[in-house]
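Novice: how would this look folded up:
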Amino acid sequence: MQVILVAHDFGGACLSYSMELYPSKVSKAVFIAAAMLTSGQSTLDMFSQKVCSSSHNTWILFLIFFQELLAQLIIAVLYEVWMWLS
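Specialist: Predicted coordinates:
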């Protein structure tokens with residue numbers, strides 16, 4: 001069984017990462033105003049580029065990193081539930 005993944009904003013980084021990890025499980029990916037990683041690029045690479053242009057680097061990096069961790073946790077839980085159901 002394959003899934004269609006949809007992402008918005010920084011969720012696109014998680015979607016890109018999921019596509020690399022499980023290419024046979026993702027049939028389509030929809031990026032809606034979302035960040036899209038290039039092949040081999042990590043989410044931290046993308047975030048560090050975004051943060052370097054800001055004057056409040058420390059707080060922005062913390063918030064982005066926290067959001068990324070939360071998003072990856074949600075993806076991991078959803079994937080485990082999906083595997084359990086199939």
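Novice: quick one, grab the pLDDT at the residue lying closest to residue 2 once chain neighbours are set aside.
Specialist: Spatial nearest neighbour of residue 2, chain neighbours left out: residue 27 (3.7 Å); criterion: CB to CB, 6 or more residues apart in numbering. Quick note: C-beta positions are derived from backbone N, CA and C, even for glycine. At residue 27, the pLDDT value in this model is 90.
Novice: I'd like to know which elements the helix or strand harbouring residue 27 is packed against.
Specialist: Assessed by DSSP states H and E, residue 27 sits inside strand 26-34. Under the contact criterion of 3 or more CB pairs under 8 Å, 6 or more residues apart in numbering; DSSP states H and E, strand 26-34 touches strand 3-9, helix 11-21.
Novice: flag whichever of the ones you listed has the least confidence on average.
Specialist: helix 11-21 - the lowest mean pLDDT of the helices and strands packed on strand 26-34, at a mean of 81.
Novice: return the set of buried residues in that helix.
Specialist: Buried residues in helix 11-21, counted by 16 or more other CB atoms under 10 Å: 11, 12, 13, 14, 15, 16, 17, 18, 19.
Novice: could you export that helix as PDB, CA atoms only?
Specialist: Extracted in PDB, the C-alpha atoms of helix 11-21 (Å, rounded to 0.1, in the frame of the first residue of the first chain):
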ATOM      1  CA  GLY A  11       6.600  20.200   6.900                       C
ATOM      2  CA  GLY A  12       8.000  20.000   3.400                       C
ATOM      3  CA  ALA A  13      11.400  19.200   4.800                       C
ATOM      4  CA  CYS A  14       9.800  16.200   6.700                       C
ATOM      5  CA  LEU A  15       8.000  15.100   3.600                       C
ATOM      6  CA  SER A  16      11.200  15.200   1.500                       C
ATOM      7  CA  TYR A  17      13.000  13.200   4.200                       C
ATOM      8  CA  SER A  18      10.200  10.700   4.300                       C
ATOM      9  CA  MET A  19      10.300  10.300   0.500                       C
ATOM     10  CA  GLU A  20      14.000   9.500   0.800                       C
ATOM     11  CA  LEU A  21      13.600   7.000   3.600                       C
END
